[in-house]
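Undergrad: A predicted structure for the sequence below; I have some questions about it.
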Amino acid sequence: MFHKIINPLFENFNILFRSLSVLAKFQTSAKDIWKQCYEFGNRTFGIVALCVTFMGVILITEYSFHMKLVIGNDSMIPAFAMIMLARELAPIVTALLITSKMGASIAAELAAMKNSEQIDAYRLLGLNIVDLYVAPRLIASVFANVCLTVVALAITVIGAWASAVYFLNFSTGPFFHSLVVFLSPFDFILMVTKSASFAIVIPIISAYCGLEAKHGAEGVGEATTNAVVGNSITIIIIDFIITFLFSKFY
Amino acid sequence: MIRFKDVKKSFGTKEVLRGMSVEIKTGEVFFVLGCSGTGKSVMLKHLVGLLEPDSGEIWVDDDEISRFTEAQFENIRKKCGLVFQLPALVDSRNLYENLTLGIRQMPFAQQQIVIPKALQDVGMEKIFPEIFDRYPPSLSYGEQKRLALARTLLPDPEILLYDEPTTGLDNKNALLIHDLIKSISKHRNKTSIVVSHDMRNALATADRLAVVDAGRVIDLGTPDEIMASKVELTRSFLEDLRE
Amino acid sequence: MIAAQQFQFLTQIVKRMPLLWRERREFQLQFADVAIRSLSTTITAGIFTGAVLALQFHLQLKDFGAESVLGGLNTSGTIREVGPILIAFMLAGKVGAYTSAELGSMKVTDQIQAVRCLGIDPITFFVLPRFCAVALTAVLLLVFGLVISVLGGMVAVWGIADIHPDQYLLTISRFASNTSLILATTKSVVFGILMGLICCYNGYQTEGGTFGVGESVRKTAVQSMVAIVIADFAITSILETVFRWLGWS
């Protein structure tokens, strides 16, 4: 039990610190980083856009239902729904989608590289796979994830607005007015902090799982599965921790 | 009797079989040799309906199978048993379930008679008491290959197809497998088609050989004829032997 | 479109459903395996989902001084909407990814082909027991996870906002109505079936060696999430309309 949790945790932090030190010393090529940003952002944008649109619509419908039940009036719904979206759902859903798409890819690629002994080959040439592979993806992940979350939020606003105006009898003016009044910088800070934190976690854990892959096709499958699962659980736990910490300062 | 008549097969833009024509007589041990990627495995897979040719005819005795449906292949598969290159044992099921995949309808009592016999044929009779407890990953690679052969033998097919049976095995095991192929073919009166790139063992085991290159048969004959062949590729295979 | 192919795959599985009896031993093994493996994930996901949502709702209700209704609101909000989605996301990773990896590696090591050559239908032999096991486990675990999330929310709120569980539980009956339960159950069933279908389809259709297996897992994870979100939207819309028509709230 000790072995199963402490050792991986230690390894993960190892990868993290190594990547950070490489980045701090500017040893990664900017070209690599941009390429990874493009990969992350481009490949996940469509899916994120699709999912968050639906979420925006659903959330506002549900909030309307609940608010009417609890308070009897629903003029605050846009604001409250947006707050929930900004603080919780946008960061989590975006991060989970990135986990599936990019996290699994990273783990699978590294596992395949391990299988074909590429990683050892690099080591013999004096190159460390973490420097080459993980470091650019780390910073790209943070950058891309934050941008994607912001964009996702914007999309949910549009989706929610469309729902509110066409199905819930809101008018555009009051909708945006209540948004402006109730959304505070605090919500954005929370959102960005979460996105960034999740974004740091994803490449690290995925890389760890890929590098620890066992041999053969099953090993690759197992590594990819572990990456997706490990990321999901960690994201949700970190989400709770951040929310809890921030709520103390609210 | 098995006959390929001008069979063509492409995967996307990649042409693998380009007019493969060959005839294999009933009861003979027939080897197909060639470099990797020249369509040898593809040829075997056509015979059990895992692949469908783009054009040409394939005859298994009196049936022309190139346009057969999955249902029609049921009978052909009882006649032709394919031993895969990878052992392809089902990891999640025990050895008994693996062995009896082809003979599930057989009553248990009868299975208990034929299984030890098949295991004996492949030299693995010692494993019989453990077949309900052990799973494929606990066997060595050589043992897995032999068990896969036993599995294919149990439904008693008339025609045996071997896809690279000795690739990845050491010399001792390779020799063992080749002896098995020969003895099974003769004692049980079966036709055997072996895809291989082991020229040495092929010459020792086969009744006839074919050399395949670029999706076509370029040389054909008995071991003696092959050894005297003037075809360039055959000669290069034979040269490698001398080293 | 992929969805059409997957639906066709589903019909093939359903057609063979009566044959499940033959492979029942495999089904039982798979079911036990999947359930045990996913239990800890479900509990963790449930607890944290409930807790986080409780926290968020608490912060928002504080402005209104309406904290007393936190119990009901949180339960209702969680099990109707966010709970099923988030827990399903977690399960898609654990359960779905694992099964598609398993089927995928069986495909690339020729096990599926070998079985076909021996006269056995690979879908009945491999896919059917796994699909049933995954779908059934997913449904049960989703429901279980939702229950845990209610408890998780209760504990979090007790610790953080000093609202006693009794008060929490009181408001549940006021706000978490039958419609919430119907919504939650329907979603659990549909998500479970979707997860089973997607992971089996992708695993079975794996191509391209060991790399292909990783690809399959990735596809399963992504497709599951998208399918869950779309299904959630569809179910919510349809059921809400039905409820309104029936006059329930």
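TA: Now that the structure is in, tell me what you want to look at.
Undergrad: Spell out the residue ranges of the helices in chain C.
TA: C:2-15, C:24-62, C:70-77, C:83-91, C:97-108, C:111-117, C:122, C:128-161, C:165-175, C:178-204, C:209-246 (DSSP state H).
Undergrad: Repeat that for chain B.
TA: B:40-47, B:73-79, B:95-99, B:108-121, B:141-153, B:171-187, B:199-205, B:223-227, B:232-242.
Undergrad: buried residues in the last one?
TA: So that's helix B:232-242. B:233-234, B:237-238 (16 or more other C-beta atoms under 10 Å in any protein chain shown). For every residue, glycine as well, the C-beta is placed using N, CA and C.
Undergrad: Excluding its own residues, what touches that helix? List them.
TA: With contacts defined as C-beta atoms under 8 Å, 6 or more residues apart in numbering or on different chains, helix B:232-242 is touched by B:33-34, B:199-200, B:211, B:213, B:218-219, B:226-227, B:229.
Undergrad: Of those, keep whichever come out buried.
TA: Buried among those (16+ other C-beta under 10 Å): B:33-34, B:199, B:211, B:213, B:218-219, B:226, B:229.
Undergrad: still on that earlier bit, by mean pLDDT, show me the worst of the helices of chain C.
TA: Of all those, the minimum mean pLDDT falls on helix C:70-77 (a mean of 66).
Undergrad: need the buried residues of helix B:232-242 in TSV with pLDDT, can you?
TA: Formatted as TSV, the buried residues of helix B:232-242 follow (pLDDT from 0 to 100):
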residue	pLDDT
B:Leu233	80
B:Thr234	82
B:Phe237	80
B:Leu238	81
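Undergrad: For chain A, state which of those residues is nearest.
TA: B:Phe237 (28.6 Å; C-beta to the nearest C-beta).
Undergrad: Tell me how many other residues surround A:Phe182.
TA: Look at A:Phe182: counted by other C-beta atoms under 10 Å in any protein chain shown, it has 16 neighbours.
Undergrad: ok, so of the buried ones among the contacts of helix B:232-242, who is nearest chain A?
TA: Nearest to chain A among the buried ones among the contacts of helix B:232-242, with distances taken as C-beta to the nearest C-beta, is B:Gly34, at 25.5 Å.
Undergrad: surely C:Thr185 meets C:Val143?
TA: Yes. Using C-beta atoms under 8 Å, C:Thr185 makes contact with C:Val143 at a distance of 7.0 Å.
Undergrad: Please identify which of the two sits among more neighbours.
TA: Higher neighbour count among C:Thr185 and C:Val143: C:Val143, with 20 against 16, using other C-beta under 10 Å.
Undergrad: Leaving out chain neighbours, which residue sits closest to that one?
TA: C:Ser188 (5.2 Å; C-beta to C-beta, 6 or more residues apart in numbering or on different chains).
Undergrad: now swap in C:Phe27 and tell me
TA: In space, C:Phe27 is closest to C:Pro129, 4.0 Å off (C-beta to C-beta, 6+ apart).
Undergrad: any idea which of the contacts of helix B:232-242 is closest to C:Val34?
TA: Using C-beta to C-beta, B:Gly34 comes nearest to C:Val34 of the contacts of helix B:232-242, at 44.5 Å.
Undergrad: List the contacts of that closest one.
TA: Counted by C-beta under 8 Å, 6+ apart, B:Gly34 has contacts B:40, B:197, B:211-213, B:233.
Undergrad: can you rerun that using 7 Å?
TA: B:40, B:197, B:211-213 (C-beta atoms under 7 Å, 6 or more residues apart in numbering or on different chains).
Undergrad: Kindly report the same for C:Trp158.
TA: C:164-165.
Undergrad: What pLDDT is listed against A:His66?
TA: 68.
Undergrad: Please apply the same query to the one 10 residues further on.
TA: Model confidence at A:Met76, given as pLDDT, is 65.
Undergrad: Grab the nearest non-local neighbour of the most centrally placed residue in chain A.
TA: Central residue of chain A (C-alpha atoms, centre = their mean): A:Ala95, 2.1 Å from the mean position. Nearest non-adjacent residue to A:Ala95, counting by C-beta to C-beta, 6+ apart: A:Phe198, 3.7 Å away.
Undergrad: helix/strand/coil for that neighbour?
TA: helix (DSSP: H, G, I helix; E, B strand; the rest coil).
Undergrad: Tell me how many other residues surround it.
TA: 28.
Undergrad: go on, C:Asp162?
TA: 8.
Undergrad: The one 10 residues further on too?
TA: Counted with other C-beta under 10 Å, the neighbours of C:Ile172 add up to 19.
Undergrad: Could you check how far the residue lying closest to B:Lys5 once chain neighbours are set aside is from A:Thr172?
TA: Nearest-residue entry for B:Lys5: B:Glu57, 4.1 Å, with adjacent residues in sequence omitted and distances by C-beta to C-beta, 6+ apart. According to C-beta to C-beta, to the nearest Å, B:Glu57 stands 71 Å off from A:Thr172.
Undergrad: before we move on, what about C:Val115?
TA: Distance from C:Val115 to A:Thr172, by C-beta to C-beta: 61 Å.
Undergrad: how about the residues of chain C near chain B?
TA: Along chain C, the residues adjacent to chain B under the rule C-beta under 7 Å from any C-beta of the partner chain are C:109-111, C:113-120.
Undergrad: again, 10 Å this time
TA: C:22, C:25-26, C:29-30, C:33, C:102, C:105-106, C:108-121, C:125-126, C:129-130 (C-beta under 10 Å from any C-beta of the partner chain).
Undergrad: Can I have the buried ones of these as a PyMOL selection?
TA: Under the burial definition 16+ other C-beta under 10 Å, those of the residues of chain C next to chain B that qualify are selected in PyMOL by:
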select buried, chain C and resi 26+30+33+102+105+106+108+109+110+111+112+113+114+115+116+117+118+119+120+125+126+129+130
